[in-house]
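> Attaching a predicted model along with its sequence, questions to come.
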Amino acid sequence: MRYLIALCVTVVIKSIDVECDSLHSSYEDYVALIQKTQASAELTEQWDDDINSVPQDPLGLFADDGLDLLSIECGGSHRSAVKPTSVHTLKAGDIDIVAGLGDSLSAALGAKADGVFGLLYEWRGNSWSIGGDNNLASGTSTLPNILKMFNPNVKGYSTGVHFFSSGDALNVAVSGAIVQDMPKQANNLVAKLKADTSINFDEDWKMITLFIGGNNLCAYCKDVNAHSAATYKQNIQDALDILKLNVPRAYVNLVEIFDISPIAGLGTNFVCSLVHSVVCSCGHGDNADTVGISSLSKDYQKAVQELVESGRYDGTDDFTVVNQPFFRDTVPPARFDGTPDLSYFAPDCFHFSEKGHNSAGKGLWNNIVSPIGKKRTTWGLTDALQCPGTYLPTKNN
């Protein structure tokens, strides 16, 4: 049976190569693969068998992996009596609006899928950076849910589950997006902010999170110029320039991309190998260049650091960009025996699961409230949620 299925897998991959080779790492290729797998009873059965065969911490050694450390009781006032006019005196409870730009990781593609049939759905309400489903007490430690502890009326977060979505609320992330799409997403966000009559565009304080780059890294070997660090930096700069020019009272989290090569290396069983051969072929298979991907990811990180440190976004009191580096040195979590803990990933072994999103949300929050120069460069799975200081850290406070 496995031999026959292996032959079928080869046919699937070859057919995709022929049809869409020029966009091999795109969302369209991913969708084509999932749809082809769904159409094959044998492939779907093998997929489910492989998922069920992977033990998730069978001895319970990771029961205390940080996801239960979600209570946060912080003394003092964390919302200003009078709305601040400077981003450098901004408190956590002063954030009125949240928004997010990015790709499938911000859209939460496959986050709560339990098999192949859920992998084309986006659980945007569970997105680590911009989802607002449930609440912190229920274990959903997304950035908006943490902010709700300081301002229950914060809005803009995405909710629910979507199929082939181009966004929800102020989550303008699009699955399959690359860095070249960020200026367009920035303009889309500006239009949404201005069109929303429930938002006081000039007075409300906005927290915007931008995270992008995984799809560029996975496709870099197909066009090194299109996915170069210089291209990456320029497009992020263009997006940030649009936000600075058009969005008053904004605190922007610019999150560094992680080294995607270890995740591309998770493709060892049937499920992961099939997906990674399509969605991240530059990092998977006989011709993989994991060294090149790892090196380019570091260049992307440096580009983000250079943009923030340049002072380009420090000229006004109502706008700032802060580098949040908690993904910089993050690697896939390991189980007790040293093998990857796939409970942090969706059934495609590539996107975050709900557990992964919760961990990333907690890591982002702890980065936000940590002083400049003292931020963690890993997501800190066993860290408790930290209380904010007097003001949200910027370079000028």
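Everything's here; your move. Residues are numbered from 1 along each chain as shown.

> Tell me where the stretch 51-200 of the chain has strands.
With DSSP state E, counting those that start in this stretch, the ranges of strands along the stretch 51-200 of the chain come out as 95-102, 121-122, 162-163.

> any idea how far residue 111 is from the nearest residue to residue 150 once chain neighbours are set aside?
Nearest non-adjacent residue to residue 150, counting by C-beta to C-beta, 6 or more residues apart in numbering: residue 93, 3.7 Å away. Where C-beta positions appear, they are placed from N, C-alpha and C, glycine not excepted. Between residue 93 and residue 111 the computed distance is 28 Å (C-beta to C-beta, to the nearest Å).

> With neighbour numbers in mind, choose between these two.
residue 111 (29 against 21; other C-beta atoms under 10 Å).

> where in this structure is pLDDT low?
1-26, 47, 50-71, 265, 267-268, 271 (pLDDT under 70).

> again, only using 50
1-25, 57-68 (pLDDT under 50).

> one step back: relative to residue 186, how far out is the residue nearest to residue 150?
Residue 93 is 26 Å from residue 186, by C-beta to C-beta.

> Next: residue 72.
Counting by C-beta to C-beta - residue 72 and residue 186 are separated by 31 Å.

> These two - which one has more neighbours?
Under the criterion of other C-beta under 10 Å, the comparison of residue 72 against residue 186 puts residue 186 first, with 26 against 16.

> which residues does residue 251 form a beta bridge with?
residue 207, residue 320 (DSSP bridges).

> What are the neighbouring residues in contact with it?
87, 90, 95, 205-208, 320, 322, 392, 394 (C-beta atoms under 8 Å, 6 or more residues apart in numbering).

> how about a cut-off of 6 Å?
With contact taken as C-beta atoms under 6 Å, 6 or more residues apart in numbering, residue 251 is in contact with 87, 207, 320.

> And for the first one, the neighbour number?
By other C-beta under 10 Å, 24 other residues sit near residue 87.

> again, but for the second one
The criterion is other C-beta under 10 Å. On that basis, residue 207 has 26 neighbouring residues.

> I'd say it and residue 100 touch.
No. The criterion here is C-beta atoms under 6 Å, and residue 207 misses it with residue 100 at 9.3 Å.

> With distance to residue 192 as new columns, can the contacts of residue 251 be given to me in a markdown table?
Shown next, in a markdown table, are the contacts of residue 251 (distance: C-beta to C-beta, whole Å):
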| residue | distance to residue 192 |
| --- | --- |
| 87 | 21 |
| 207 | 15 |
| 320 | 21 |
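
> returning to that earlier point: looking at it, the residue nearest to residue 150 is touching residue 79, isn't it?
Yes. Residue 93 lies in contact with residue 79 (C-beta under 6 Å); the separation is 2.9 Å.

> which residues of the stretch 51-200 of the chain fall in helices?
For the stretch 51-200 of the chain, the helices defined by DSSP state H, counting those that start in this stretch occupy 104-107, 143-147, 182-195.

> Specify the stretch among the ones you listed that is closest to residue 49.
Between residue 49 and the helices of the stretch 51-200 of the chain, the tightest spacing by C-beta to C-beta is seen for helix 104-107, at 25.3 Å.

> what's next to the closest one, contact-wise?
Under C-beta under 6 Å, 6+ apart, the answer for helix 104-107 is 100, 122, 124, 127, 129, 173, 175, 211.

> ok now stretch 303-321, how far from the chain's centre?
Chain-centre distance of stretch 303-321: 21 Å, with C-alpha atoms, centre = their mean, to the nearest Å.

> First-to-last residue distance for that stretch?
14 Å (C-alpha to C-alpha, to the nearest Å).

> Tell me which residues of that stretch come out buried.
For stretch 303-321, the neighbour count (16 or more other C-beta atoms under 10 Å) marks 303-304, 307-308, 313-314, 318-321 as buried.
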